[in-house]
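J.: This is a predicted model, with the sequence first.
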Amino acid sequence: MKIHILTIFPEMFAGPMSTSIVGRACQKGLLSIEPHNLRDYTKDKHRQIDDRPFGGGAGMVMKAEPFFEALTTLVGAPKEKKEGRKIIMVTPQGATFSQAKARELASYSELIFLCGRYEGIDERVRETWVDEEVSIGDYVLTGGELPTMVMIDALVRFLPGALGDEASAEEESFSDGLLEYPQYTRPEVYQGMAVPAPLLSGHHEQIRRWRRKEAFKRTYQFRRDLLKGRSLDIEDQVLFAEALQEVGI
Ligand SMILES: c1cc(-c2cnc[nH]2)ccn1
């Protein structure tokens with residue numbers, strides 16, 4: 001997978017995108033991440049990438065020209081549909097990012113992220129080039145760079161070979177739609193708090209059931225919405241009922 005990022009702060013990506021799972025995936029050749037400095041696509045001596053909004057108002061708007069120049073260099077003509085490529089504008093107005101969207105984006109061979117700053121990007125960029133707008137949540141950030149890194153971090157885990165065995169097990173539990181069960185490691189007792197006995201039993205089936213029940217408890221307590229309309233098999237119905245009983249419902 002090839003990822004291009006159009007930004008005025010390419011240096012923001014160096015650390016996070018060369019670390020841990022994303023960094024290792026790049027080293028394995030599973031993906032390449034290439035930030036492009038929009039200032040390199042300006043034509044004036046001041047390398048201007050923003051200007052005042054028409055119609056007045058506070059703040060600055062990112063000019064269309066640097067985006068057009070960069071995208072023409074990268075993809076040729078606008079809306080030239082290329083199988084496996086998606087151009088994404090990262091904005092608060094976008095559809096909210098999710099695990100399902102991460103999985104979908106991981107299926108593309110080329111992604112181009114447009115990172116806005118200031119009051120946003122000249123509308124003609126969206127009209128001409130953008131396939132999809134994506135937000136990571138209903139809050140305004142300084143720019144699209146951090147949300148872009150969040151999305152890359154989430155989607156890279158779906159690239160075959162990106163995860164070690166242990167991490168893919170963790171993915172399995174979340175992607176089945178429940179919150180993660182509680183995790184413990186040594187020592188068995190710390191500050192007077194003991195690790196739950198089932199985890200010390202060595203009884204794998206007992207451990208699996210305990211973890212599933214705890215996942216139901218947490219999901220019910222903190223993200224009840226994830227349970228709405230969810231059909232449960234017989235075992236899950238029993239574990240869910242036990243979980244509710246244990247939390248006093
Ligand atoms: C994606 C982008 C943004 C954002 C971009 N520029 C200011 N806020 C916020 C949330 N999700």
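T.: Looks like it arrived, so ask away.
J.: Give me the secondary structure label for the nearest residue to S135 once chain neighbours are set aside.
T.: Sequence neighbours aside, G94 is the residue nearest to S135 in space, at 3.9 Å (criterion: Cβ to Cβ, 6 or more residues apart in numbering). Bear in mind the C-beta positions are built from the backbone N, C-alpha and C, glycine included. Three-state call for G94 (DSSP: H, G, I helix; E, B strand; the rest coil): strand.
J.: Touching, G94 and V134? I think so.
T.: Yes - look at G94 against V134 with Cβ atoms under 8 Å: they come within range, at 4.1 Å.
J.: who has more neighbours, those two?
T.: Legend: neighbour count by other Cβ atoms under 10 Å for G94 and V134, higher for V134 (22 against 18).
J.: Now V130: closest residue in space that isn't a chain neighbour?
T.: Computed as Cβ to Cβ, 6+ apart, the closest residue to V130 that is not its neighbour in sequence is M89, at 4.5 Å.
J.: For my notes, confirm the one you found occurs in a strand.
T.: Yes - counting by three-state DSSP, M89 is found in a strand.
J.: From what I see, it and E127 are in contact.
T.: No - using Cβ under 8 Å, M89 is not in contact with E127, being 10.8 Å away.
J.: which residues touch the longest helix along the chain?
T.: When the chain is parsed with DSSP state H, its longest helix is helix 204-222. For helix 204-222, contacts defined as Cβ atoms under 8 Å, 6 or more residues apart in numbering pick out 173, 178-182, 196, 198-199, 201, 226-227, 235-236, 239-240, 242-244, 246-247, 249.
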